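In: Coordinates for the following, if possible.
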Amino acid sequence: MGSWLERKPTCFSGWVVHLFELRRILTYKAENQGKTVLLVCPYNTSKTDSITGKVEGERKGRRFYAKSGLIYDSDINAAINIAKLSKLPISQGNLLDGQAVVNRLNVCKSCLVLSKSVLQASTALA
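Out: Next up is the predicted model:
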């Protein structure tokens, strides 16, 4: 009998595929396209910060809370860690997907002038 990884079934749209069968299908399809499938150990990939490479932070549901204070999508963080384990060149999008980052306040100059005149008018009335 194979390892736990090979025995564990995976569900796709109502049908069950064992991971070794999924690996066999992916390998077969990749070879037809002239590609190679690399197997990497996924151990701690969802608990490792993909920026620092250290097992720091905490995964809670769909989010990975890094020790630095940043919050990542946990699946993207784990996928980047798995890609790095392959030792192949990778390209990655925005790790902070779904998170707003404000560097400086974007203020319309005409709105600022209007708000100053409203403030002066309200202080004059008081």
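
In: What count of nearby residues applies to residue 66?
Out: Using other CB atoms under 10 Å as the criterion, residue 66 is surrounded by 19 other residues. (Glycine included, C-beta is placed from N, CA and C.)

In: from what I can see it touches residue 53, true?
Out: No - using CB atoms under 8 Å as the test, residue 66 is too far from residue 53 to be in contact (11.7 Å).

In: What separation do you get for the nearest residue to residue 57 once chain neighbours are set aside and residue 29?
Out: Take residue 57 and drop its neighbours on the chain: the residue closest to it by CB to CB, 6 or more residues apart in numbering is residue 66, 4.4 Å away. Residue 66 sits 35 Å away from residue 29 when distances are taken as CB to CB, to the nearest Å.

In: Could I get the pLDDT score of the closest residue in space to residue 81 that isn't next to it in sequence?
Out: Leaving aside its sequence neighbours, residue 81 sits nearest to residue 45 (CB to CB, 6+ apart; 4.1 Å). With respect to pLDDT, residue 45 has a value of 90.
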